[in-house]
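Student: Need coordinates for the following:
(2 chains, ligands or ions: 2)
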Amino acid sequence: MSGAVTDVLVVGASAAGLATAEALRRKGFTGSLCLVGEEPHAPYDRPPLSKKVLTGQWTAEQAALRPPEVIAALDADVVLGARASGVDTAAAEVELEDGRRLGYGHLVIATGLVPRVLPAFAGLAGVHTLRTVEDTAALRADLLAAREVVVLGAGVLGCEIAATARALGLRTTMVDPAPLPMVAQVGAEVGGFLADLHRDQGVEVLTGTKAHAPVVADGRVTGVVTSAGTLDADVVVVAIGSTPATGWLADSGLGIDDGVVCDSRCRAAENVWAVGDVARWHHEGWDRSARMENRTNATEQALAVAGNILGADRAYTPVPYFWTDQHGVRVQVHGDLLGGPLRVVDGDPRDRKFVAVAERDGAVVGVVGWNSAKGVRTARQLITADHR
Amino acid sequence: MKVEIEEFKCVGAGHCVVAAPEVFDQRDDDGVVILLDADPPEHEHENTREAAQLCPAAAILLLEKATST
Ligand SMILES: Cc1cc2nc3c(=O)[nH]c(=O)nc-3n(C[C@H](O)[C@H](O)[C@H](O)COP(=O)(O)OP(=O)(O)OC[C@H]3O[C@@H](n4cnc5c(N)ncnc54)[C@H](O)[C@@H]3O)c2cc1C
Ligand code: SF4
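Tutor: Numbers count the residues shown, from 1 in each chain, chains lettered A, B, ... in the order given. Ligands and ions are numbered 1, 2, ... in the order given. Reported below is the predicted structural model:
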């Protein structure tokens, strides 16, 4: 393939990369398209991994993003199991780990995130992170043989894994130095509701607690030493966040600062774009840089990038949206819940079915709903344009 | 164009309803998608494609070759 030049080369063949390719075709792009992905699998979706794939309700195959015939219809060269190791922007070439060089007209960087690890826990049997289908299979196998699990991190992912572990019948403890679960994403009030939900479902919630070190026997984790004492554990899940997968861009000359730094068009350099979890761009509506780690951003930003590659020259100014499923409750969040005090507009948090809005200066800046999909969608329209 | 939904995948985000309200709705109780029109007319095709692309659960499948009559 040496010497080949594609009009658009997408590196990272997951939600954001695939959506960019799809959006280009839908907008009428007829040039050549190449999608390079490190994972050997056809593009698949990650949100089910911590939910129904981990419980076993779904097979891993059910998490495929598109059926094979839809991917084939993209008329793209899909190169899987191939890791990009560098980019030469002057020559407009991406280098793959196996030595192949791929020329491009436009490069789209869609390499997502890598989970953070705790060095003291790294490499021990029984310790897991969760990002890929392989991670999910390994964690599930260990959970099925375990009695007690400690989840380090009470962010969105940690909360979901703790809920799933409870559903599998394990004694489950969640540990986080923050005062409440998901407090950075949803604020203190909803964080408090979540702590209650987890405790009601039998999860031990140790917030305000630091994990210090693993307890190890024969290379396998058997517990965790924390500031609240030592916890027994057959399995430890490290869910303390992720960092953008930009290692392969270290010598590229592109701006890297907790993500690939882009302008308001999601452009990192002439003919180089970034999309999805890896992209840090200038959000014109907020007048500051932003990076989002959620599924909806992957597709919405892909639409924006595809449009801009084709000359739309439009700023990307989304209202963030994410959902999470925990203990049978679906939580949906639009906008910024930390932006102001909450007001319940429908239902009652005690019933675990409600819609609330966050307001600042009399305007709605965020919406949260529990088990209220339609109500959330309606309330979302209250987020006014100038608070986007 | 034929539209299919994989209901089991739907996460009730409602992006499809916003993009193509003539083609999709959501159930009142759990927000799961309701397909209103499995064979939408020509003027709804672009909205429907937008909905399929925006769906964060990849739950909407379009079969473009089938022509609507
Ligand atoms: C377990 C889990 C549960 C989640 N649940 C939710 C949820 O409920 N709601 C929600 O809104 N969001 C959720 N998310 C977040 C959502 O899945 C992400 O926002 C989304 O996957 C981002 O897509 P992406 O394409 O930008 O990145 P990724 O999905 O990370 O894809 C990046 C791809 O690039 C590949 N790659 C990396 N480096 C290279 C390289 N050098 N060369 C070639 N390929 C490379 C990777 O192997 C990967 O396949 C969840 C994420 C996880 C992990
Ligand atoms: S956009 Fe997708 S996930 Fe959301 S309601 Fe429609 S089908 Fe369901």
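Student: quick one: the helices in the stretch 1-150 of chain A?
Tutor: Taking DSSP state H, counting those that start in this stretch as the criterion, the stretch 1-150 of chain A contains helices spanning A:15-26, A:52-55, A:68-72, A:133-144.
Student: and of those helices, who's closest to ligand 1?
Tutor: helix A:15-26 (3.3 Å; CB to the nearest ligand atom). Bear in mind the C-beta positions are built from the backbone N, C-alpha and C, glycine included.
Student: Let me see the mean pLDDT of that closest one.
Tutor: For helix A:15-26, mean pLDDT is 97.
Student: Is any residue of stretch A:316-334 near ligand 2?
Tutor: No - Stretch A:316-334 stays clear of ligand 2 (CB under 6 Å from any ligand atom), getting no nearer than 8.9 Å.
Student: Mean neighbour count added to the helices of the stretch 1-150 of chain A, as TSV?
Tutor: Below are these laid out as TSV (neighbours: other CB atoms under 10 Å in any protein chain shown):
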stretch	mean neighbour count
helix A:15-26	26
helix A:52-55	20
helix A:68-72	13
helix A:133-144	17
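Student: For those helices, give me JSON lines that also has distance to B:D37.
Tutor: Below are those laid out as JSON lines (distance: least, CB to CB, whole Å):
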{"stretch": "helix A:15-26", "distance to B:D37": "20"}
{"stretch": "helix A:52-55", "distance to B:D37": "28"}
{"stretch": "helix A:68-72", "distance to B:D37": "20"}
{"stretch": "helix A:133-144", "distance to B:D37": "34"}
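Student: possible to save the ones you listed as TSV with distance to chain B?
Tutor: Converted to TSV, those look like this (distance: least, CB to the nearest CB, whole Å):
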stretch	distance to chain B
helix A:15-26	6
helix A:52-55	9
helix A:68-72	7
helix A:133-144	15
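Student: So which of these is nearest A:V236?
Tutor: Closest approach to A:V236 among the helices of the stretch 1-150 of chain A is made by helix A:133-144 (9.7 Å; CB to CB).
Student: That closest one close to ligand 1?
Tutor: No - residues of helix A:133-144 are not located near ligand 1 by CB under 6 Å from any ligand atom, the shortest gap being 7.4 Å.
Student: chain center to that helix, what's the gap?
Tutor: 19 Å (CA atoms, centre = their mean, to the nearest Å).
Student: Could you list everything A:V235 pairs with in the sheet?
Tutor: For A:V235, the residues forming beta bridges with it (DSSP bridges) are A:V149.
Student: Please name the residues that touch it.
Tutor: The contact partners of A:V235, taken as CB atoms under 8 Å, 6 or more residues apart in numbering or on different chains, are A:G126, A:V127, A:H128, A:L139, A:D142, A:L143, A:A146, A:E148, A:V149, A:V150, A:L170, A:V221.
Student: how about those residues, which pair is most distant?
Tutor: A:V127 and A:L170 (15.6 Å).
Student: quick one: which of those two has more around it?
Tutor: In terms of neighbours (other CB atoms under 10 Å in any protein chain shown), A:V127 is the more surrounded of A:V127 and A:L170; the figures are 24 against 20.
Student: For the helices of the stretch 1-150 of chain A, could you give me CSV that also reports distance to ligand 2?
Tutor: Shown next, in CSV, are the helices of the stretch 1-150 of chain A (distance: least, CB to the nearest ligand atom, whole Å):
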stretch, distance to ligand 2
helix A:15-26, 13
helix A:52-55, 14
helix A:68-72, 15
helix A:133-144, 21
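Student: Could you list the low-pLDDT ranges of chain A?
Tutor: Along chain A, segments meeting pLDDT under 70 span A:1-3, A:385-388.
Student: biggest helix in it by residues?
Tutor: Among the segments of chain A that qualify as a helix by DSSP state H, the longest is helix A:183-200.
Student: Quick check: what element follows it along the chain?
Tutor: strand A:204-207 (DSSP states H and E).
Student: tell me which strands and helices that following strand is in contact with?
Tutor: strand A:171-176, helix A:183-200 (3 or more CB pairs under 8 Å, 6 or more residues apart in numbering or on different chains; DSSP states H and E).
Student: how far does the first one sit from the chain's center?
Tutor: Using CA atoms, centre = their mean, we find the averaged C-alpha position of strand A:171-176 to lie 21 Å away from the chain's own average C-alpha position.
Student: May I see the buried residues of that strand?
Tutor: Within strand A:171-176, the residues that count as buried by 16 or more other CB atoms under 10 Å in any protein chain shown are A:R171, A:T172, A:T173, A:M174, A:V175, A:D176.
Student: From ligand 2, how far off is A:K51?
Tutor: Applying CB to the nearest ligand atom, to the nearest Å, the value for A:K51 to ligand 2 is 13 Å.
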